[in-house]
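Colleague: Sequence plus predicted model, see below.
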Amino acid sequence: MSGKELFDVMLRVGHEYKLPIFVVRDWFADHPYLQQSLGPNDIVLDHTVTIEPEVAPEKWAEFYITALRNLKPGVTEFVIHPGFDDEELRAATRERSTWGSAWRQRDYDFFTSDQFREILAQQKIRPITWRELARKASLK
């Protein structure tokens, strides 16, 4: 989202090293060069969900549950930052007011919880990997 030139370089490096490039169809309206630069074998996700700093820690699970219950058809990536709120991660993220160790612990706690597994089953949501997406893209 930093301009066509930078995106094209990132895309070229991704192709050269066979790395997936994170691109979401929802971004095309605001950044038309994204779609123009992509080829038929590039993987494009349909939607993305990212929790924002305005969400209070006690509302963390509620945010993710609501997002899971309201998923649109297609492939949605949840951008999460799991980790442990321990001395090492606190030191590594000490200069971050957001996405620090407590943030990462809340992501870890939710996405490894029984509550998360239950909502996946209730909503018939099937987690997939980038490897599976790449395999399907190569079959096009």
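Modeller: Structure's in. What do you need? This is a predicted model, so every value here is computed, not measured.
Colleague: What residues sit buried inside stretch 66-79?
Modeller: Residues 67, 68, 75, 76, 77, 78 are the ones in stretch 66-79 that count as buried (16 or more other CB atoms under 10 Å). For every residue, glycine as well, the C-beta is placed using N, CA and C.
Colleague: Take those residues and keep only those in helices.
Modeller: The helices, defined by DSSP state H, take in 67, 68 from the buried residues of stretch 66-79.
Colleague: how about a markdown table for the buried residues of stretch 66-79, with pLDDT added?
Modeller: Listed next are the buried residues of stretch 66-79 as a markdown table, based on pLDDT from 0 to 100:
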| residue | pLDDT |
| --- | --- |
| 67 | 98 |
| 68 | 98 |
| 75 | 93 |
| 76 | 96 |
| 77 | 94 |
| 78 | 96 |
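Colleague: Pick out the least confidently modelled helix or strand of the chain, by mean pLDDT.
Modeller: helix 130-138 (a mean of 81; mean pLDDT, DSSP states H and E).
Colleague: And that one, what's buried?
Modeller: Neighbour-count burial for helix 130-138 flags residue 133 (criterion: 16+ other CB under 10 Å).
Colleague: Now the helix or strand containing residue 11 - C-alpha only, CSV.
Modeller: Residue 11 is part of helix 4-17, with elements assigned from DSSP states H and E. Provided in CSV are the C-alpha atoms of helix 4-17 (Å, rounded to 0.1, in the frame of the first residue of the first chain):
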residue,chain,number,x,y,z
LYS,A,4,3.1,0.7,-7.2
GLU,A,5,6.9,0.8,-7.4
LEU,A,6,7.4,-0.7,-4.0
PHE,A,7,4.6,-3.2,-4.5
ASP,A,8,6.1,-4.4,-7.8
VAL,A,9,9.5,-4.9,-6.1
MET,A,10,7.9,-6.9,-3.3
LEU,A,11,6.0,-8.9,-5.8
ARG,A,12,9.1,-9.6,-7.9
VAL,A,13,11.0,-10.8,-4.8
GLY,A,14,8.1,-12.9,-3.7
HIS,A,15,8.0,-14.6,-7.1
GLU,A,16,11.7,-15.1,-7.2
TYR,A,17,11.8,-16.8,-3.7
